[in-house]
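> here is my input; please provide its structure:
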Amino acid sequence: MRYMKLWPKLTLLMLAIAAMAVVACSDGDAVAVEPEIVIQTVIVTEKGDTVVETVVVTEKGDTVTVKGDTVVVTATPVLPATATPVPADKPAPPSKSASGQLVWSTIADSGIGSGFNAGNLCCGAKMMSVVETLFKPTHAGGPATPLLAKTWELDSTNSPPKYVDVTIESGIMFHGGYGELTADDLVWNINDTNPNLSETLGTGNISITDGSGTWAGFLGANATEKTGDYSVRINWESFDPRWDTWFFGQDGLGAGIVSKNAYDTEGEEWNQDQLIGTGPFEMTSWQRGDRAVFTAVDNHWRQTPEVTSITRIAVPDETVRLAQLATGDADIADVSISNVSEAQRIGMTAKGSGAARMVTMMFAGNLWETNHPTTGEELDIVTYTHDLPWLGNPHKPADSNNPAGMDDMEQARLVRQALAMSIDRDLINEAALSGLGWPVYIPYFDINNPNWDDKWKIEYDPDGAEALLDQAGFPRDSAGKRFSMPMF
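Sure thing, here's the model as predicted:
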């Protein structure tokens with residue numbers, strides 16, 4: 001446990017240093033693709049009139065949610081940030097790659113366990129657009145925009161629903177001549193992902209895919225069934241409102257759709273090191289722990305890439321990655337924030353994918369319900385052992401330190417509001433993230449979301465924050481301290 005003391009500047013700061021992609025800009029013939037930085041700065045937020053959370057910063061993330069007593073990390077699709085670039089001392093060196101071919105110097109290799117779901121297909125296959133999923137997040141269509149899915153309909157008979165009927169697009173071809181994607185492939189892939197069924201209805205292995213235990217709890221022993229040439233019924237044990245994003249989208253667990261024909265034809269050993277998907281890139285070479293080559297698929301059903309190939313090379317040493325940029329041996333490199341300015345000085349441009357995750361500091365303990373929401377059972381409230389400034393207690397609205405005419409709920413709201421106002425988000429963004437992040441004021445709701453309203457923005461106002469704490473009944477003591485706050 002760490003403690004933060006509220007001193008005169010009311011500074012609350014948690015820094016997360018993340019990796020990023022730096023892209024070479026050149027006047028040569030090479031086509032430049034700019035993978036964007038996976039970084040976001042989230043500083044602080046409130047939640048309506050009853051603030052219960054303060055978001056402090058974000059760090060690089062894919063689609064992972066981490067939960068703890070007081071910190072939550074969640075993935076959020078967002079627009080790329082615009083950094084204030086450091087002037088280049090000289091132009092970027094010419095690329096040593098042929099036109100249309102990119103070399104990406106990265107921290108680790110592709111992040112693929114095997115070419116089928118039970119063998120931990122996982123995240124790199126989706127990240128490099130080799131495999132596709134039923135849904136994907138887009139700014140225009142939301143977090144569950146149809147991808148392989150053409151139509152879908154949730155069970156309307158039961159509440160909560162027990163299944164979803166999905167129809168996929170027709171005419172989608174697998175890489176390598178392994179035929180068309182059909183309902184048979186979808187059924188086999190989903191059942192192979194489920195540890196309860198992968199041995200009998202999948203590849204014959206116990207599934208160790210990304211989040212296999214979560215899949216087991218979600219699907220139970222319920223098999224996915226074929227209902228037509230391009231349609232299936234996905235049955236589940238426990239309905240999850242994230243079924244389309246977390247389980248069958250690009251923004252969640254690592255399962256994807258690969259070719260059943262390739263597995264049946266070539267066997268398990270071959271499929272350990274081969275990956276036959278439907279995405280706009282085909283994995284044409286893979287040397288575990290070293291490099292992977294992803295080649296553009298001509299006339300792809302959805303979008304043909306603008307480059308011919310991307311070679312990802314695992315280079316753990318960042319100084320070597322920077323040197324590769326400086327010599328033209330790499331066109332893209334993962335670079336930590338501390339070295340962004342160095343890369344910019346040699347002509348590089350910082351970009352990101354637009355994905356980010358938020359690190360949330362929770363004001364844990366604001367539990368105000370007295371009865372269970374579904375059973376009506378009376379709840380035992382055990383979080384109000386101590387009277388903490390940021391916790392509102394509706395069960396004991398009057399206590400010894402409330403100012404006259406102010407109940408405990410209002411007192412705590414003022415404290416949380418003051419903390420939200422005390423953070424200079426723009427300064428933290430520039431100092432900690434080189435201007436590559438942007439502020440967020442509400443957890444899980446980004447300012448780039450089309451539904452955002454500036455009325456939720458919290459301006460940096462340290463004087464106003466001081467006044468609110470005075471109003472809430474927490475003046476400074478002789479040492480300038482108002483109260484101590486544990487941070488986990």
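> and the residue of the chain most remote from its centre, what helix or strand is that in?
In the chain, residue 404 marks the outermost C-alpha relative to the chain mean, sitting 45.2 Å out by Cα atoms, centre = their mean. Assigned by DSSP states H and E, residue 404 falls within no helix or strand.
> distance of the spatially closest residue to residue 450 that is not a sequence neighbour relative to residue 467?
With sequence-adjacent residues excluded and distances taken as Cβ to Cβ, 6 or more residues apart in numbering, residue 450 is closest to residue 139, at 7.2 Å. Any C-beta I mention is one placed from the backbone N, CA and C, and that applies to glycine too. In this view, residue 139 and residue 467 are 39 Å apart by Cβ to Cβ, to the nearest Å.
> give me the phi and psi angles of the residue nearest to residue 450.
Dihedral pair for residue 139: phi -70, psi -40, per degrees, to the nearest 10.
> need the CA coordinates for the longest helix anywhere in the chain. CSV is fine.
Taking DSSP state H as the criterion, the chain has its longest helix at helix 408-421. The C-alpha atoms that make up helix 408-421 are tabulated as CSV, following Å, rounded to 0.1, in the frame of the first residue of the first chain:
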residue,chain,number,x,y,z
ASP,A,408,-21.9,12.8,4.0
MET,A,409,-22.8,12.1,0.4
GLU,A,410,-22.4,15.7,-0.6
GLN,A,411,-19.2,16.0,1.4
ALA,A,412,-17.7,13.1,-0.4
ARG,A,413,-18.9,14.3,-3.8
LEU,A,414,-17.1,17.6,-3.2
VAL,A,415,-13.9,15.8,-2.4
ARG,A,416,-14.0,13.6,-5.5
GLN,A,417,-14.8,16.7,-7.6
ALA,A,418,-11.9,18.5,-6.1
LEU,A,419,-9.5,15.7,-7.0
ALA,A,420,-10.9,15.7,-10.5
MET,A,421,-10.2,19.4,-10.9
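> three-state assignment of residue 285?
strand (DSSP: H, G, I helix; E, B strand; the rest coil).
> my guess is it contacts residue 293, does it?
Yes: using Cβ atoms under 8 Å, residue 285 is in contact with residue 293, at 4.0 Å.
> comparing these two, which residue is more hemmed in?
Higher neighbour count among residue 285 and residue 293: residue 293, with 19 against 11, using other Cβ atoms under 10 Å.
> so the more buried one lies in a strand, does it not?
Yes: according to three-state DSSP, residue 293 belongs to a strand.
> just to revisit the earlier point, neighbours of the residue nearest to residue 450, how many?
Residue 139 - counted by other Cβ under 10 Å - has 14 other residues nearby.
> distance of it from residue 119?
Residue 139 sits 33 Å away from residue 119, going by Cβ to Cβ.
> same question for residue 259.
14 Å.
> higher neighbour count, these two?
residue 259 (30 against 20).
> how much space between that one and residue 130?
According to Cβ to Cβ, residue 259 and residue 130 sit 12 Å apart.
> need the overlap of contacts for those two.
Counting by Cβ atoms under 8 Å, 6 or more residues apart in numbering, the common neighbours of residue 259 and residue 130 are 175, 277.
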